[in-house]
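> Fold the following for me, if possible:
(one chain, ligands or ions: 1)
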Amino acid sequence: MIHKTYIDQLQTWDKQYLWHPFTQMQDYGKETPLIIEEGSGIFLRDIDGKEYIDGVSSMWCNIHGHRKKEIDDAIKRQLDKIAHTTLLGPSNIPAIELAKKLAEVAPHGLKKVFYSDNGSTANEVALKMAFQYWQHKGYSEKTQFVALQYGYHGDTIATMGVGGIDIYHKVFQPLYFKTHFAPAPYCYRCPLGKQDRDCSLQCLDELEGLLKNNAAQIAAMIMEPLVQGAGGMIIHPKGYLSGARALCKKYNVLFILDEVLTGFGRTGKMFACLHEDVVPDIMALSKGINGGYMPLAATLATEEIYNAFLGKYAELKTFFHGHTYTGNPLGCAAALASMELFEKERILENLAPKITYLQTRLKQFESLEHVGNVRQCGLIAAIELVKDKSTKEPYPWEERVGNQVCLEARKHGLLIRPLGHIIVSMPPLSIKEHELNRLLNIMYESVKIVTMKND
Ligand SMILES: *Cc1c(COP(=O)(O)O)cnc(C)c1O
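From the prediction side, this is the model:
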């Protein structure tokens, strides 16, 4: 146990020295910081010894639970050999083995693996690869991109430029290169005003119009397959992904899938694009890549892309990109252990009944007065709260109703983080059915308590 006086000190230093991401620090200073000390399985424990279900997998990363023996051991074994060595020049054993493994499990044709450290860099690499590919191919005017409204691809300047979330991205607008935004297939708030029964994916017609008019200038389209995460867990109707893929092919535009969130089983299959038999030209992976243990990312490309970068050194076709910790042996060793667990513990097969259970349980939320829409894909669930169910009028964002629900859930031992007025649940894939039951009970009660109080 940590001594009470040291707990007080940690809380003071946290406010004094730390600048937390995506956090209004003026508000943060008013609250007692929650400081996590340890965890095991789906549980986290704070410095006071209070336990919480890790309801969003420590920012959508964790897969097999915390302190998973096989991953812990793999990291320790690698640590006894070497912690870090560069990939700029020399290679290392875990990086080689993992590249082979990723190429084997990835959708057919994605054979080349380029490492980096996080989701933003994986996408940044994808955008640069796509751009430079066309330069090498003699299409120097292909310098623009297509992306979806509500899309999220990271926080670097380039990835923000293809991002479609106004409250994060608008202020930096003058710094971006040209991107065309297509409407997101956000069915609950259909941008084309359609209802389920008269939807024939007209949003794809909008995308086609955009591609048709600008194809000569467009290098690539980037999108999150099936689930747009940070934009509000927007779940796409069947056929949108394969439709977008086909259109990109038709108009000679590269197709980049950002599977940073959806990769590694989160949607019920290893990768979301496998649900619609889609193979992108470039795919970005990160969050779940090593079970959510440490920073690691990979950008996978086809041989067609890779080959365009081959040439004599003097031709300057080299992909001049690389981060210092690229292909870190500890991160790769953890990833290999995670991939082995997928096979050994039959993670994907065992997921199916949990997904069905989640689906059934979520119906319960629909009858709540302020639940406008319930969405689910794999083990990802989202509850969209509205002020008025009949008009779909949202809560005023300053009310932070989602945050209120999450604070209530925290009291009852569940840690979740909202996206505005959207409540998200994304537990580790290793969660057991009775644990999922407990998670959903707390979530249900918290939504009920907060929305009734606010009436
Ligand atoms: C989280 C996320 C990113 C950014 O990843 P970081 O590791 O935070 O840079 C990119 N794309 C998607 C879909 C994500 O969910």
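
> Least confident secondary structure element in this structure?
Least confident helix or strand, the chain: helix 166-169 with a mean of 89, by mean pLDDT, DSSP states H and E.

> how far is that one from where the chain is centred?
Offset of helix 166-169 from its chain centre (C-alpha atoms, centre = their mean, to the nearest Å): 17 Å.

> Using PDB, write down the CA coordinates of the helix or strand just after it.
Moving toward the C-terminus from helix 166-169, the next helix or strand (DSSP states H and E) is strand 179-182. Output of strand 179-182 as PDB, limited to C-alpha atoms (Å, rounded to 0.1, in the frame of the first residue of the first chain):
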ATOM      1  CA  THR A 179      -8.500  17.300 -48.700                       C
ATOM      2  CA  HIS A 180     -12.000  16.600 -50.000                       C
ATOM      3  CA  PHE A 181     -14.500  15.400 -47.500                       C
ATOM      4  CA  ALA A 182     -17.200  12.900 -48.300                       C
END
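
> Which residue does this protein have closest to the ligand?
The ligand sits closest to residue 119 of the chain, with a gap of 2.1 Å, by C-beta to the nearest ligand atom. Yep, even glycine has a C-beta here, placed from its N, CA and C like the rest.

> Just the CA atoms of the least confident helix or strand of the chain, as CSV, please.
The C-alpha trace of helix 166-169 is given here as CSV (Å, rounded to 0.1, in the frame of the first residue of the first chain):
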residue,chain,number,x,y,z
ASP,A,166,-14.4,20.1,-36.2
ILE,A,167,-13.8,20.6,-32.5
TYR,A,168,-10.4,19.0,-32.7
HIS,A,169,-9.3,19.9,-36.2
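
> OK, contacts around residue 42?
Residues in contact with residue 42 (C-beta atoms under 8 Å, 6 or more residues apart in numbering) are 53, 54, 65, 66, 427, 428, 430, 431, 435.

> Taking those residues together, which two end up most distant?
Spanning the widest gap among the contacts of residue 42 are 66 and 435, at 13.3 Å by C-beta to C-beta.

> ok, back up a step: out of the contacts of residue 42, flag the one nearest to residue 384.
residue 427 (19.0 Å).

> And residue 108, how far from residue 86?
Separation of residue 108 from residue 86 (C-beta to C-beta, to the nearest Å) stands at 31 Å.

> In terms of neighbours, single out the busier of these two.
The neighbour comparison of residue 108 against residue 86 (other C-beta atoms under 10 Å) goes to residue 86, with 14 against 9.

> Next, that one: secondary structure please.
For residue 86, the assignment made with DSSP: H, G, I helix; E, B strand; the rest coil gives coil.

> so who does it touch?
Contacts of residue 86 by C-beta under 8 Å, 6+ apart are 324, 326.

> And the nearest residue to residue 325 once chain neighbours are set aside, what's its pLDDT?
Distances taken as C-beta to C-beta, 6 or more residues apart in numbering place residue 117 nearest to residue 325, at 5.6 Å, with adjacent residues excluded. Residue 117 carries a pLDDT value of 97.

> Now residue 117. Its backbone dihedrals?
Dihedral pair for residue 117: phi -110, psi -20, per degrees, to the nearest 10.

> Residue 353 too?
Per-residue torsions, residue 353: phi -70, psi -30 (degrees, to the nearest 10).

> How are the strands of the stretch 301-450 of the chain distributed by residue range?
For the stretch 301-450 of the chain, strands defined by DSSP state E, counting those that start in this stretch occupy the ranges 371-377, 380-385, 414-415, 422-425.

> Which among those strands is found nearest to residue 337?
strand 380-385 (23.9 Å).

> now the strands of the stretch 301-450 of the chain as a markdown table including mean pLDDT and distance to the ligand?
Shown next, in a markdown table, are those (pLDDT from 0 to 100; distance: least, C-beta to the nearest ligand atom, whole Å):
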| stretch | mean pLDDT | distance to the ligand |
| --- | --- | --- |
| strand 371-377 | 98 | 13 |
| strand 380-385 | 98 | 11 |
| strand 414-415 | 98 | 17 |
| strand 422-425 | 98 | 11 |
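
> can I get the ones you listed in TSV with mean neighbour count?
Compiled in TSV, these are given as follows (neighbours: other C-beta atoms under 10 Å):
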stretch	mean neighbour count
strand 371-377	20
strand 380-385	25
strand 414-415	22
strand 422-425	24
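
> burial of residue 454, as a residue count?
13.

> Residue 222 should be in a strand, yeah?
Yes - Residue 222 forms part of a strand when assessed by three-state DSSP.

> For it, grab the count of nearby residues.
27.

> contacting residues around it?
123, 126, 127, 145, 146, 147, 151, 153, 162, 256, 257, 258.

> out of the residues you listed, which touch the ligand?
123, 153, 258 (C-beta under 6 Å from any ligand atom).

> Counting only helices, which of these make the cut?
Counting by DSSP state H, the members of those that fall within helices are residue 123.

> what's the spacing between residue 244 and residue 34?
40 Å.

> Looking at these two now, which is surrounded by more residues?
Between residue 244 and residue 34, counting by other C-beta under 10 Å, residue 244 is the more crowded of the two (28 against 15).

> tell me the phi and psi of the more buried one?
The phi/psi pair for residue 244 (degrees, to the nearest 10) is phi -60, psi -40.

> Quick check: nearest residue in space to the residue nearest in space to the middle of the chain, chain neighbours excluded?
Centroid check for the chain by C-alpha atoms, centre = their mean gives residue 261 as the closest residue, at 2.3 Å. Leaving out its chain neighbours, the residue that sits closest to residue 261 by C-beta to C-beta, 6+ apart is residue 229, at 4.3 Å.

> Around the ligand, pick out the residues from the stretch 51-200 of the chain.
Within the stretch 51-200 of the chain, the positions near the ligand by C-beta under 6 Å from any ligand atom are 118, 119, 120, 123, 152, 153, 154.

> what does the stretch 251-400 of the chain give?
Residues of the stretch 251-400 of the chain found near the ligand (C-beta under 6 Å from any ligand atom) are 258, 260, 261, 286, 287.

> Highest neighbour count among these?
The residue in those with the most neighbours, by other C-beta under 10 Å, is residue 258 (31 neighbours).

> residue ranges of the helices in the stretch 151-300 of the chain, please?
Using DSSP state H, counting those that start in this stretch, the helices assigned to the stretch 151-300 of the chain run over residues 157-161, 166-169, 202-214, 240-250.

> Which positions in the last one come out as buried?
If I follow you right, that is helix 240-250. The neighbour-count criterion (16 or more other C-beta atoms under 10 Å) identifies 240, 241, 242, 243, 244, 245, 247, 248 as the buried residues of helix 240-250.

> now do stretch 107-115
107, 110, 111, 112, 113, 114, 115.

> Please look at residue 406 and residue 423 and confirm they touch.
Yes - here residue 406 lies in contact with residue 423, judged by C-beta atoms under 8 Å, at a distance of 7.3 Å.
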